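Participant: using only what follows, build the 3D model:
(4 chains)
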Number of protein chains: 2
Amino acid sequence: MSLPHALLTSLLEQPCSGMDLARRFERSIGFFWPATHQQIYKELGKLEAAGWVRSSAEEGARGRKRCYEVLPAGEQELKRWVAEADDPPPLRDAMMVRLRAEAALGTGAGVENDLLHRLARHRTQLALYEDIEQRDFTGRELSAAEQLQYLILQSGLATEREQIRFCEKALALLETLANAGG
Amino acid sequence: MSLPHALLTSLLEQPCSGMDLARRFERSIGFFWPATHQQIYKELGKLEAAGWVRSSAEEGARGRKRCYEVLPAGEQELKRWVAEADDPPPLRDAMMVRLRAEAALGTGAGVENDLLHRLARHRTQLALYEDIEQRDFTGRELSAAEQLQYLILQSGLATEREQIRFCEKALALLETLANAGG
DNA sequence: TCTTTAATTGCAACTTGTTGCATAAAGGCA
DNA sequence: TGCCTTTATGCAACAAGTTGCAATTAAAGA
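Facilitator: The predicted structure is shown next:
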């Protein structure tokens, strides 16, 4: 479970409120560690109880807005965790199950729906990543931290492109099989 | 949640017991939809209650072994589900969080451990997939069902190769940064 | 001023998956 | 026969994530 460390990382980059964190997650760390605001609030409570962050009320804001910042103990914990090693996350993909089911059913069962839907989603996501690449990482010298962030983005770019290739290949094969079999 | 449909698919390919299913999952469907035997037993109970499979006691076997097979209603349900469309699974990868944390901490915090560990795992997995490719899909004509199964395997091959490329690239960048910064 | 709207924080129930352990039945062997 | 091992099935507690909604506070508008 990496949520606490994802939060520490994000707060280290920029102290802010729970709601701000949730918004930032949607367009940066959330690409590879999604989290809802409910998860984030609960976890911020634990981080504060553990003495890794502290919060202060913010005056003149709507609601009971509080600003969180990382304490030295939190930075220490983050360093400790970064040096650990995980197993790669097991992949779990319903579309592959569908393809296999289509093979077992032995007929035009309709996986194409899912393939086309995925294709559209991956193209959208790729376009988003390419925008970020253009805007943030192109045409200038990058600091060490920025080079690492760019590396992460490149992983996203490569993954989306691979997914697109796969969907196209699968659709082509299904068409070939349909023509041959019907 | 695709576990019920993954089980229906596997049972359609070959009726068998819960334990056999668990073993087969480990080296086929489980590559893209992992499941433990506890999950499988619980789900088989639900499938039987829904009238999608039926089971019969197997005589002369250890334990209370039962053989499960798909009923017509189950096959119908599988067909219905295959034609549905999902969103792609959100990826959630602690190593990316670590890379970003390393960037935020701004020092040699030690992500290399995780990168090297991943690299080894992905190489092992790739070798396994390549073995399966050699053994099951090379040097002969493939049926339509086999062509689809091969397609799925190729997705695994491409994913592992992409992961390996990424780890190597990340390690190279970290070394460059260390030399430049130190 | 009073009501409405928006922003922020938070609770609670539900689903899914994991982990560790328990039970049942058969085979092997002293 | 009695005990240990193996195979098969299953329960229970826990961990993590999702969904829907509630409560609090301030800004904006009538």
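Participant: tell me the confidence at residue A:176?
Facilitator: pLDDT for residue A:176: 95.
Participant: cool, and residue A:168?
Facilitator: At residue A:168, the model reports a pLDDT of 98.
Participant: and the helix or strand hosting it, what's buried?
Facilitator: Assigned by DSSP states H and E, residue A:168 falls within helix A:144-181. Across helix A:144-181, burial judged by 16 or more other C-beta atoms under 10 Å in any protein chain shown covers A:144-145, A:147-160, A:162-164, A:166-167, A:170, A:173-174, A:177. (Each C-beta comes from the backbone N, C-alpha and C, glycine too.)
Participant: can you pull the domain assignment for chain A?
Facilitator: As given by automatic domain parsing, the domain ranges for chain A are A:3-82, A:94-181.
Participant: quote the end-to-end distance of the first one.
Facilitator: So that's domain A:3-82. Domain A:3-82 has an end-to-end distance of 13 Å (C-alpha to C-alpha, to the nearest Å).
Participant: can you give me the helices in chain A?
Facilitator: With helices called from DSSP state H, chain A shows them at A:3-13, A:18-26, A:37-49, A:72-82, A:94-105, A:112-137, A:144-181.
Participant: so what's the residue count around residue A:51?
Facilitator: Using other C-beta atoms under 10 Å in any protein chain shown, the number of residues around residue A:51 comes to 12.
Participant: with the one 4 residues further on instead?
Facilitator: Residue A:55 sits with 17 neighbouring residues when counted by other C-beta under 10 Å.
Participant: any idea how far DNA strand C is from it?
Facilitator: 8 Å (C-beta to the nearest atom of the strand, to the nearest Å).
Participant: so that residue touches residue A:66, yeah?
Facilitator: Yes: at 4.3 Å, residue A:55 counts as touching residue A:66 under the criterion of C-beta atoms under 8 Å.
Participant: JSON lines for the domains of chain A, including distance to residue B:105?
Facilitator: Converted to JSON lines, these look like this (distance: least, C-beta to C-beta, whole Å):
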{"stretch": "domain A:3-82", "distance to residue B:105": "6"}
{"stretch": "domain A:94-181", "distance to residue B:105": "9"}
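Participant: same list (the ones you listed) but as JSON lines, adding distance to DNA strand D.
Facilitator: Below are the domains of chain A laid out as JSON lines (distance: least, C-beta to the nearest atom of the strand, whole Å):
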{"stretch": "domain A:3-82", "distance to DNA strand D": "4"}
{"stretch": "domain A:94-181", "distance to DNA strand D": "14"}
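Participant: go through the ones you listed and find the least confident stretch.
Facilitator: Lowest mean pLDDT within those: domain A:3-82, at a mean of 90.
Participant: that one near chain B at all?
Facilitator: Yes: contact between domain A:3-82 and chain B, assessed by C-beta under 8 Å from any C-beta of the partner chain, occurs at A:5-6, A:8-9, A:12-13, A:29, A:31-34, A:75, A:78-79, A:81-82.
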